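Chemist: starting from these lines, generate the structure:
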Amino acid sequence: MTHTNQALSNKPYLAIFALDETLIAADSASLWSEFITTKGLASKSQLAEEQELMTAYTKGTLDMNTYMQATLKPIIGMDSHTLAQLVKEFIERKIKPAFYTEAISRIEWHKRRGDKVLVISATGEHLVKPIAKMLGADDAIAINLEQINDIITGNTIGTLSYQQGKVIRMKAWIADQDIQFKGSYGYSDSINDLPLLDAVDRPFAVNPDPALALHAQMQDWTIMDWRHENNILR
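Modeler: Below is the predicted model:
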């Protein structure tokens, strides 16, 4: 083996996972909206607005700025500690039971190989980052929230990790790393993540929506069927 090949073999792969409907059998942002409504922090009309916007997401036509403005309203003015405690309860009650068993196994498979695991989601960082940490991911990319004096303003910061924005954020993240990767895996369920899946070396369509399923079949991508078994992550 040449020195170049040996150096390459020592490099890890990067495994990128979408979150909603890929790692969990639900949409975390929608579950969050329902959760804070039951807590009295959001109105039923705000919940209905979120559900209507999610219909546009499914079609691939959602304006993410509009969605974030609508869904962040209930936590405007909240301090980060209060929000973190609320998110902790939310994850225990709503997220842990929704994980796909196969998703957990796949992340563990990558970790055993020495791969780096990155979760990229078009959901707010207040939800994505603690979920990714709980799963043992090495890092997470999500929509960044503005805080002033530790208070949530309801505004977002920087490029939104949505559609092509996921690729922009991923490339920036890779550029910041101290290591080089041998290659990349990507897992998603949504046609919204087509730019991301096109950007990785080994794309996988997980429980794909109809549009992504058709594209995956045409490109001869691996399609994975992960079943929900009311798993409780331990």
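Chemist: show me where the protein has helices.
Modeler: Under the criterion DSSP state H, helices of the chain are mapped to 3-9, 28-38, 44-59, 64-72, 80-90, 101-113, 125-135, 164-176, 194-199, 210-219.
Chemist: got TSV for the ones you listed, with mean neighbour count, distance to residue 156 and mean pLDDT too?
Modeler: To be clear about C-beta, it is placed using only N, CA and C from the backbone, and glycine gets the same treatment. Formatted as TSV, the helices of the chain follow (neighbours: other CB atoms under 10 Å; distance: least, CB to CB, whole Å; pLDDT from 0 to 100):
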stretch	mean neighbour count	distance to residue 156	mean pLDDT
helix 3-9	10	38	51
helix 28-38	20	13	93
helix 44-59	15	15	83
helix 64-72	18	5	89
helix 80-90	14	15	97
helix 101-113	16	27	96
helix 125-135	20	9	96
helix 164-176	16	11	97
helix 194-199	19	19	98
helix 210-219	14	26	96
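Chemist: grab the nearest non-local neighbour of residue 125.
Modeler: Distance criterion CB to CB, 6 or more residues apart in numbering; nearest residue to residue 125, sequence neighbours excluded, is residue 142 at 4.0 Å.
Chemist: ok so, going back, what's the closest of the helices of the chain to residue 185?
Modeler: helix 101-113 (7.3 Å; CB to CB).
Chemist: what angle do that closest one and helix 125-135 make?
Modeler: 70 degrees (axes from the mean of the first three to the mean of the last three CA atoms, to 10 degrees).
Chemist: output helix 101-113 as PDB, nothing but the C-alphas.
Modeler: What follows is helix 101-113, C-alpha atoms only, in PDB (Å, rounded to 0.1, in the frame of the first residue of the first chain):
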ATOM      1  CA  THR A 101     -34.900   1.400  15.800                       C
ATOM      2  CA  GLU A 102     -33.100   1.000  12.500                       C
ATOM      3  CA  ALA A 103     -32.000   4.600  12.700                       C
ATOM      4  CA  ILE A 104     -30.300   4.100  16.000                       C
ATOM      5  CA  SER A 105     -28.700   0.900  14.700                       C
ATOM      6  CA  ARG A 106     -27.400   2.700  11.600                       C
ATOM      7  CA  ILE A 107     -25.800   5.500  13.700                       C
ATOM      8  CA  GLU A 108     -24.200   2.900  15.900                       C
ATOM      9  CA  TRP A 109     -22.900   1.100  12.800                       C
ATOM     10  CA  HIS A 110     -21.300   4.300  11.600                       C
ATOM     11  CA  LYS A 111     -19.800   5.000  15.000                       C
ATOM     12  CA  ARG A 112     -18.300   1.500  15.300                       C
ATOM     13  CA  ARG A 113     -16.600   2.100  11.900                       C
END
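Chemist: kind regards, and thank you for your time.
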